[in-house]
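Visitor: Could you look at this predicted model? Sequence included:
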Amino acid sequence: MKTYAENHQIAPRIDPHRILTVEEKLMISQALYQTAKVVKIGMLRRSYPDWSEEALVKEAQRMLFLMHD
């Protein structure tokens with residue numbers, strides 16, 4: 001049985017020895033953001049099962065926006 005990542009290729013496989021184009025970097029960063037958002041929504045859904053889907057998405061976006069070093 002294939003994993004989710006194998007069934008849904010989130011980002012194309014890229015040769016690690018070549019320099020990425022701006023478009024490739026953007027595509028990878030968007031895929032990483034979407035993955036982080038899905039994980040964050042899942043964490044919030046577990047912590048707050050009574051929240052609506054809209055509230056979960058808004059809070060996940062807010063939390064990801066506020067993350068920084």
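Guide: Sure, I can see it.
Visitor: In the protein, which residue is most central in space?
Guide: Thr35 (1.8 Å; C-alpha atoms, centre = their mean).
Visitor: Next one: it from Leu44, what distance?
Guide: Here the criterion is C-beta to C-beta, to the nearest Å. By it, Thr35 lies 15 Å from Leu44. Yep, even glycine has a C-beta here, placed from its N, CA and C like the rest.
Visitor: what's the answer for Arg62, then?
Guide: 10 Å.
Visitor: one step back: model confidence at the residue nearest to the centre of the chain, what's the number?
Guide: In this model, Thr35 is scored at 95, pLDDT.
Visitor: can you check the one 3 residues further on too?
Guide: The pLDDT attached to Val38 in the predicted structure is 96.
Visitor: what do you get for the one 10 residues further on?
Guide: Reading off the per-residue confidence, Tyr48 sits at a pLDDT of 97.
Visitor: before we move on, what about Pro16?
Guide: Predicted confidence (pLDDT) for Pro16: 73.
Visitor: same question, the one 5 residues further on
Guide: Looking at Thr21, its pLDDT reads 89.
Visitor: Mind listing what's buried along the lengthiest helix in the chain?
Guide: With secondary structure taken from DSSP state H, the chain has its longest helix at helix 22-47. Buried residues in helix 22-47, counted by 16 or more other C-beta atoms under 10 Å: Met27, Lys40, Ile41, Leu44.
Visitor: Sort out which one of those residues lies nearest Glu54 for me.
Guide: If you rank those by distance to Glu54 using C-beta to C-beta, Ile41 comes first, at 11.0 Å.
Visitor: residues touching the closest one, list them.
Guide: Neighbour list for Ile41: Leu56, Val57, Ala60 [criterion: C-beta atoms under 8 Å, 6 or more residues apart in numbering].
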